[in-house]
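Trainee: From the sequence below, what's the structure:
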Amino acid sequence: MALDQRSKYLRRRIIETLNAVRRGHVGAALSLVEILRVLYDDVLHYDINNPKWPQRDRCILSKGHGCLALYVVLVDKGFFAQEELWKFCESDGILGGHPEIKVPGVEASTGSLGHGFPIGVGFALNAKYEKVDYRTFVVIGDGECNEGSIWEAAMCASKHRLDNLIVIVDHNQYQSYGPTCGVLNLEPFAEKWKAFGFAVEEVDGHDVGAMRSVLGRVPLQANKPTVIICHTLKGKGIRCTEGNLKWHHKSGISDEEIQQLYEALEVS
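Mentor: Below is the predicted model:
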């Protein structure tokens with residue numbers, strides 16, 4: 001799937017942040033860009049002037065190490081100033097290596113894998129209890145699905161018929177040190193979610209039109225939580241990072257590597 005100018009722009013902002021701080025989880029952020037872009041451009045109900053608006057949709061990035069993608073989208077929407085990007089992981093900034101609730105637009109502190117999804121179940125349960133209409137979207141990673149807390153949360157969501165809960169899986173088929181199929185095979189992945197009581201749909205996670213279409217139809221089924229499995233490419237959009245585990249997390253990024261990232265993005 002070729003990238004349009006908006007997708008390239010958001011990736012360029014990620015590179016600009018890397019240029020300033022020379023570290024970060026690069027591959028995990030690049031596979032998330034279209035997912036977060038569509039959520040914040042087309043799906044979520046929110047008010048940047050009132051980030052705690054009670055009727056807002058909640059969006060939790062459970063795979064918190066992909067936070068660079070979230071941060072550039074939140075800056076793009078005006079939740080905080082772009083200067084905070086240049087202080088990523090610095091003591092005088094608000095942006096850490098994983099999202100924290102002190103950041104405007106961030107709903108939950110995440111990073112310990114498997115924790116964001118259970119928090120989302122709590123948000124969705126609260127909406128049902130309070131009889132309010134906000135929805136909860138939780139973005140998880142496929143490697144994160146090794147965690148038992150993911151499946152405990154899935155059982156709870158199904159039990160309580162949380163059709164106001166939408167789980168989005170960034171299924172890039174890699175985790176920190178290898179392919180998901182080699183570390184701990186998830187297949188048959190879609191069937192697992194169905195067995196846990198979810199309505200399931202699979203989509204190309206870099207196809208903006210397809211993402212808009214499926215997210216525009218949630219919940220997929222009444223009285224069932226939804227899971228959307230997004231087939232993505234780790235490091236998408238920059239040839240030297242695509243499927244390259246050396247870019248899972250990178251520190252001490254050189255000037256030469258920064259220039260390589262810019263050049264590879266422009267020819268993608």
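Trainee: residues of the helix or strand harbouring residue 7 that come out buried?
Mentor: Assigned by DSSP states H and E, residue 7 falls within helix 5-21. Neighbour-count burial for helix 5-21 flags 7-8, 10-19, 21 (criterion: 16 or more other Cβ atoms under 10 Å). For every residue, glycine as well, the C-beta is placed using N, CA and C.
Trainee: got it, and stretch 240-258?
Mentor: 241, 242, 244, 245, 247, 248, 250, 253, 257, 258.
Trainee: now do stretch 126-145
Mentor: 127, 134-145.
Trainee: ok, now stretch 225-245?
Mentor: Here stretch 225-245 shows 225-239, 241-242, 244-245 as buried, counting by 16+ other Cβ under 10 Å.
Trainee: again with stretch 176-190
Mentor: 180, 186, 189, 190.
Trainee: With distance to residue 161 and secondary structure added, can I get those residues in CSV?
Mentor: Output for the buried residues of stretch 176-190, formatted as CSV (distance: Cβ to Cβ, whole Å; DSSP: H, G, I helix; E, B strand; the rest coil):
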residue, distance to residue 161, secondary structure
180, 29, helix
186, 25, coil
189, 22, helix
190, 20, helix
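Trainee: Going by distance to residue 162, which of the residues you listed wins?
Mentor: Among the buried residues of stretch 176-190, residue 190 lies closest to residue 162 (Cβ to Cβ), at 18.9 Å.
Trainee: measure the closest one to residue 257 for me?
Mentor: 37 Å (Cβ to Cβ, to the nearest Å).
Trainee: Which helix or which strand is home to the residue of the chain most remote from its centre?
Mentor: The centre of the chain is farthest from one residue, residue 256, which by Cα atoms, centre = their mean lies 28.3 Å away. For residue 256, the host element (DSSP H and E) is helix 255-266.
Trainee: where are the low-confidence patches of the chain?
Mentor: Within the chain, the stretches with pLDDT under 70 are 268.
Trainee: what do you get if the cut-off is 80, keeping everything else the same?
Mentor: Scanning the chain for pLDDT under 80 picks out 1, 267-268.
Trainee: so what's residue 203 up against?
Mentor: By Cβ atoms under 8 Å, 6 or more residues apart in numbering, the contact list for residue 203 reads 210, 211, 214, 228, 229, 230, 231.
Trainee: Show me where the stretch 151-268 of the chain has its strands.
Mentor: 165-171, 174-175, 178-179, 199-204, 226-231, 250-251 (DSSP state E, counting those that start in this stretch).
Trainee: er, the stretch 1-150 of the chain I mean
Mentor: Under DSSP E, counting those that start in this stretch, the stretch 1-150 of the chain gives strands at 23-24, 58-61, 136-141.
Trainee: For the residue lying closest to residue 32 once chain neighbours are set aside, the count of nearby residues, please.
Mentor: Among residues not flanking residue 32 along the chain, residue 69 sits closest, at 4.1 Å (Cβ to Cβ, 6 or more residues apart in numbering). Residue 69: 26 surrounding residues under other Cβ atoms under 10 Å.
Trainee: so who does the closest residue to residue 68 other than its chain neighbours touch?
Mentor: In this structure, residue 68 finds its nearest non-sequential neighbour in residue 29, 3.9 Å apart by Cβ to Cβ, 6+ apart. Residues in contact with residue 29, defined by Cβ under 8 Å, 6+ apart, are 14, 66, 67, 68, 69.
Trainee: which residues does the nearest residue to the first one once chain neighbours are set aside contact?
Mentor: Excluding the flanking residues, the one nearest residue 14 by Cβ to Cβ, 6+ apart is residue 68, at 5.1 Å. Residues counted as contacts of residue 68 (Cβ under 8 Å, 6+ apart) are 14, 17, 18, 24, 25, 26, 29, 88.
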